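Chemist: got a sequence here, can you build the structure:
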Amino acid sequence: MATVVPTAIVQGAGDGHQLTKALQSWRKRLWLQQVLRWAENGVITGLIVACLLLLVSRFTPWGAVSYWASGVAIAALLGALGAALWYRPSFARSARLVDTRLSLHDRLSTAWELRNNSAPISVLQRGDALKQLSKHRPSAAVSLRPGRMRLISIGIVAVALALLFLLPNPMNTVLQQQAAFQASLARQIAAIKQERTAIDGQSSISAQERAMIDKILSQALARLQQAKNGTQAQQALAQAQAQLDQLRDPQASNKAQARAAASSSLQDSSNTNLSAAGKALATGDSQGLGTALQKLASQVNNMTPAQRAQLAQQIEQSASQALGNPQLNAALHQLARAVADNNPGEISDAVKALEAAAAQDSANQNTNNSINQASQTLQNVANALASSTDNSTSQNTSQSQTSAQGQNPGQGQASSGQAQNPGQGQSNIPSQSNNGSGAQNNTGNKSGKNEQVDIPGQLGTGTSTADGNGGNGQVQPGTAVPYSQVIADYEQMAHEAIDNSNIPPDLKNLIQGYFNSLEGQK
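Modeler: The predicted structure is shown next:
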């Protein structure tokens, strides 16, 4: 038996266009709700990640954490909005969502699937779906207000983020120190670059020496630019100084002293030309030296044998003063022998040898001066970096030492033949005497055993022997020990302190020479 569908129902249901039009407003409302919900999720996610980043920055220095936190929060929000806009609900999904919200028992979903079906049952089904849908409004059925739990979550995370932003971060001090170190490092790098340019422009040293010094400074600059802290910077500077030390002539000091002594001896000569040669040798005037020696060579032919012997003796005396400079010594000795023999050919060769020796000495001296200049620049840089990075630590250490010395005044000085704390600061070392008579009761003792000797040493916390009368810091007299043993102990401590410190090389040599001079009194 055929079913007859009323014409009004068929016209009301249409062919699916009316269903699409009816779902359009619901679809927009659902889409707007999706955008808001996903944006809320993005805000919560972004704030949580930002809080985690700020929390991490409280355990490790991170200067750009605020930018990262803000960027992550904004990126999470934009990502959520973009995803919500991209994944727009379809009509089929909108029909299913409306069925669920309005408890229509899949009426709209079925109607949407049969939207193009003209069978009477399909038409009746679409009509029933539209009738049920017309009883509700999208604005009332689909709420856009955020849920209570979402608002609570956003509030809690926002409060946590505000606290992390506003509460003092202990790592800010570290960041400030790092910023100060980087600023100081940049200034010191500029100073090294300036010194490098100055050495490159020096024509008094050979191109090979300039290239070697420039390479060391260039490597030091590269390591400094990669340094993350003061320790790495100090290591880079120490390595560069060690490389510069390897370029030095170990006998440069002896050669310079020998040259100065020889030139002084030549200047004392009664011969004008020989005295002028001595002055030119002392000042490094190669042109003046050559002129004086040429005049001296021409003068020798007009001298009597006695005058030549006297002149040769004066030159030989200056040669004996140049024993620390083998090349200069050999050239002067050769000149003295040639003058005594009145051999023009040998005199000419000796003059050339002396000029070559003087030129070599000047070149070596200029090279050493450049190396010393570069090394001193590196030392100044090391001192400046240490001052900028360790200023607060040094102040705390100084205050602690001052407090300790105020409680125990005898800690800085030990007055006995056997020092309780070598290298602590200043030690008053009397001579071997148990009865207080000093060196007068010790026959044959060398002079100087009763002199007060101030030995610079390394700062430490050492110990001292104090009496038990209230701990007033008074040091009890110790037992007498041999002078040589005391000097040996202090010498060892001083050498260790020198090797482990940033004392300039010239000062190191001065201190080492001081102890070497004491070896004759042991």
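Chemist: which strands or helices does whichever strand or helix holds Q34 pack on?
Modeler: Assigned by DSSP states H and E, Q34 belongs to helix 17-56. Secondary-structure packing of helix 17-56 (3 or more C-beta pairs under 8 Å, 6 or more residues apart in numbering; DSSP states H and E): helix 65-86, helix 91-102, helix 107-113, helix 120-133, helix 138-141, helix 148-166. (Glycine included, C-beta is placed from N, CA and C.)
Chemist: can you lay out these as TSV showing distance to Q365?
Modeler: Listed next are the helices and strands packed on helix 17-56 as TSV, based on distance: least, C-beta to C-beta, whole Å:
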stretch	distance to Q365
helix 65-86	55
helix 91-102	91
helix 107-113	100
helix 120-133	104
helix 138-141	96
helix 148-166	62
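Chemist: need the winner for burial among those helices.
Modeler: When you average the neighbours per residue for each of these (mean count of other C-beta atoms under 10 Å), helix 107-113 leads with a mean of 22.
Chemist: tell me the mean pLDDT for it?
Modeler: Averaging the model's pLDDT scores along helix 107-113 yields 92.
Chemist: which other helices and strands contact that helix?
Modeler: Packed against helix 107-113 by the contact rule (3+ C-beta pairs under 8 Å, 6+ apart) you find helix 17-56, helix 91-102, helix 120-133.
Chemist: report the distance from that helix to the chain centre.
Modeler: Centroid separation for helix 107-113 versus its chain: 73 Å, with C-alpha atoms, centre = their mean, to the nearest Å.
Chemist: tell me the buried residues in stretch 53-62?
Modeler: Neighbour-count burial for stretch 53-62, counted by 16 or more other C-beta atoms under 10 Å, picks out L53, L54, S57, P61, W62.
Chemist: give me the angle between the helix or strand where I192 lies and helix 17-56.
Modeler: Applying DSSP H and E as the criterion places I192 in helix 171-200. Relative orientation of helix 171-200 versus helix 17-56 (axes from the mean of the first three to the mean of the last three C-alpha atoms, to 10 degrees): 70 degrees.
Chemist: check the offset of helix 171-200 from the chain's centre.
Modeler: The chain centre lies 8 Å from the centre of helix 171-200; the measure is C-alpha atoms, centre = their mean.
Chemist: quick one: buried residues of it?
Modeler: Buried residues in helix 171-200, counted by 16+ other C-beta under 10 Å: M171, Q177, Q178, F181, S184, L185, Q188, I189, I192, E195, R196, I199.
Chemist: quick one: mean pLDDT for that helix?
Modeler: Mean predicted confidence for helix 171-200 is 88.
Chemist: for it, packing partners?
Modeler: Counting by 3+ C-beta pairs under 8 Å, 6+ apart, helix 171-200 packs on helix 207-226, helix 230-247, helix 344-389.
Chemist: among those helices, which is nearest N117?
Modeler: helix 207-226 (74.9 Å; C-beta to C-beta).
Chemist: let's see that closest one as PDB, backbone CA atoms only.
Modeler: Provided in PDB are the C-alpha atoms of helix 207-226 (Å, rounded to 0.1, in the frame of the first residue of the first chain):
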ATOM      1  CA  ALA A 207     109.000  40.500   9.400                       C
ATOM      2  CA  GLN A 208     109.300  36.900  10.700                       C
ATOM      3  CA  GLU A 209     109.400  38.000  14.300                       C
ATOM      4  CA  ARG A 210     106.400  40.400  13.700                       C
ATOM      5  CA  ALA A 211     104.500  37.500  12.100                       C
ATOM      6  CA  MET A 212     105.100  35.200  15.100                       C
ATOM      7  CA  ILE A 213     104.100  37.800  17.600                       C
ATOM      8  CA  ASP A 214     101.000  38.700  15.600                       C
ATOM      9  CA  LYS A 215     100.000  35.000  15.300                       C
ATOM     10  CA  ILE A 216     100.200  34.600  19.100                       C
ATOM     11  CA  LEU A 217      98.100  37.800  19.700                       C
ATOM     12  CA  SER A 218      95.700  36.700  17.100                       C
ATOM     13  CA  GLN A 219      95.200  33.300  18.700                       C
ATOM     14  CA  ALA A 220      94.800  35.000  22.100                       C
ATOM     15  CA  LEU A 221      92.100  37.200  20.700                       C
ATOM     16  CA  ALA A 222      90.200  34.300  19.200                       C
ATOM     17  CA  ARG A 223      90.400  32.400  22.600                       C
ATOM     18  CA  LEU A 224      89.300  35.500  24.500                       C
ATOM     19  CA  GLN A 225      86.300  36.100  22.200                       C
ATOM     20  CA  GLN A 226      85.200  32.500  23.000                       C
END
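Chemist: which outside residues touch that helix?
Modeler: With contact meaning C-beta atoms under 8 Å, 6 or more residues apart in numbering, helix 207-226 is reached by 185, 188-189, 192-193, 195-196, 199-200, 202, 232-233, 236-237, 239-240, 243-244, 247, 367, 370-371, 374, 378.
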